[in-house]
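Q: Quick one: sequence and predicted model below, then my questions.
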Amino acid sequence: MRWYSKIVVAGLCASLQACVTPPAAAPAPPVAQTEAARQPVTILISIDGFRSDYLQRGVTPRLNALAAAGISAVMHPAFPSKTFPNHWTLVSGLRPDRNGIVSNSMEDAARPGETFTMATDDPFWWNEAKPIWVDAEQAGIHTATMFWPGANVAWGGAVKPNSHGATTGGTRPEDWMQFNQAVTGAQRVEGVLDWMRRPAAIRPRFVTLYFDTVDSAGHMFGPDDARTTAAVADVDTLIGRLTDGLRALGQPANLVIVADHGMAATSSERTIALDRIANPADYRVFETGPFASLSAVPGHEAALEKALFAPHAHLHCWRKSDIPARFHYGANPRIQPYFCLADAGWETAKTTPDKPRTGGDHGYDNMAPEMNALFIASGPAIRPKGKLAAFDNVDVYPLLRDLLALPPAAGVDGNDAPFRDALRR
């Protein structure tokens, strides 16, 4: 029997039954009762590269409404103001110098010949700081990550020798998704909403959600371009899709919406070529961009230091041990011996660029206004206190622990002081 024939027969049977049996209407539970039956969830949302002043462009009604209903602030990223270091800071409460993810790319003397990249999921690189979902899982809180740097790592696990990198042990979120840029923002939101449709016993209570399009547009077009503003508007629509979906499900949620860093406008006309500062025979360059990390060719340290430590316009160079204390950076062995930081909007390069280019970048002084990051929190546990004073992003981790009713963590770099007056305990 074809599927539509079955429907017709079923409909006729139902009509005949209705003629002889009064319908027994079971009243639907009131919405208030449905909502009361659902415990609040905490959703940590990262909008990569969302500079705090993007909220003032008139294209973010949903984000601005959440800020008005809860709290918002300028948030300072940790140094360096790069993606992976700051995402790991947000979920560990430790600055990059202590959490081990000191840059998007790095080396470790314990692993000669290897380089950490943004595709690395070997626990060796991540195990210096415990992410909040590990503590939550160990406390019996179901967690799920719709992308987050490091969320695909079996944290605490070990790599077997001579086994092609197979990992043993370790903890991941109970549900996690391997990052794929081809997964659209709408698909990411619907994935989170699908988790919320689960029965309470297997419904996550802590979720992360990550959007990358604002950062991509900022890099490609620059922070002031209309196409970057359009990306900001698009992600605001996605936030609305999420909040509307949660409301339709009767699912109360504490939303903590953050960015990992801001964005500064760059141009090839503001490039500092390292080969014009020092002799390339004296050094090896590991990273360039808003900052440069270098090591000396053995025996060439004096020559390199003489060149790097001379005055340079728009560039400041130090031995790693002499990086200014306010950056909280330089002790970790994964940091190269020499570090040069460009002024916001300037970039280092191995050589002078051969083609003109404009766009945007980050990685600068974390207190530069261009690096200011988004912070909004709103939900049943947040009082509507409005705009708070600026704070460092290490304080987000203690806030998340409060929202999840996890005990305070010892030895972290931040605390929940910025939010205490806004929390409903």
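A: Happy to help now that I have it.
Q: So in the protein, where's the weakest helix or strand by average pLDDT?
A: Least confident helix or strand, the chain: helix 3-20 with a mean of 36, by mean pLDDT, DSSP states H and E.
Q: Are we agreed that residue 359 is in a helix?
A: No: read with DSSP: H, G, I helix; E, B strand; the rest coil, residue 359 is strand and lies in no helix.
Q: so where is the stretch 251-400 of the chain shaky, pLDDT-wise?
A: Within the stretch 251-400 of the chain, not a single segment meets pLDDT under 70.
Q: Residue 402 and residue 341: what is the separation?
A: For residue 402, the distance to residue 341 (C-beta to C-beta, to the nearest Å) stands at 34 Å. No exception for glycine: its C-beta is placed from N, CA and C like everyone else's.
Q: higher neighbour count, these two?
A: Neighbours per residue, other C-beta atoms under 10 Å: of residue 402 and residue 341, the larger number sits with residue 341, 24 against 19.
Q: and the more buried one, what element?
A: Residue 341 belongs to strand 338-342 when assigned by DSSP states H and E.
Q: In the sheet, which strands lie alongside that strand, parallel or antiparallel?
A: Paired with strand 338-342 in the same sheet, following DSSP bridges, are strand 291-296 (antiparallel), strand 315-319 (antiparallel).
Q: for the stretch 301-425 of the chain, what spans make up the strands?
A: 315-319, 338-342, 347-349, 358-361, 375-378, 386-387, 391-392 (DSSP state E, counting those that start in this stretch).
Q: ranking those by burial, who's on top?
A: strand 375-378 (a mean of 26; mean count of other C-beta atoms under 10 Å).
Q: Tell me which other helices or strands it touches.
A: Judged by 3 or more C-beta pairs under 8 Å, 6 or more residues apart in numbering; DSSP states H and E, strand 375-378 is in contact with helix 61-69, strand 71-72, strand 253-258.
Q: what does that strand rub up against?
A: Residues external to strand 375-378 that are found in contact with it (C-beta atoms under 8 Å, 6 or more residues apart in numbering): 52, 63, 66-67, 69-75, 254-259, 391, 393, 396, 399, 419, 422.
Q: Keeping just the C-alphas, turn stretch 55-66 into CSV.
A: Extracted in CSV, the C-alpha atoms of stretch 55-66 (Å, rounded to 0.1, in the frame of the first residue of the first chain):
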residue,chain,number,x,y,z
LEU,A,55,27.4,46.6,18.9
GLN,A,56,27.2,50.3,18.0
ARG,A,57,26.7,49.8,14.3
GLY,A,58,23.0,49.6,14.4
VAL,A,59,22.8,46.0,13.0
THR,A,60,22.6,44.0,16.2
PRO,A,61,19.1,44.3,17.7
ARG,A,62,19.1,40.8,19.2
LEU,A,63,22.5,41.1,20.8
ASN,A,64,21.7,44.6,22.1
ALA,A,65,18.4,43.3,23.5
LEU,A,66,20.3,40.6,25.4
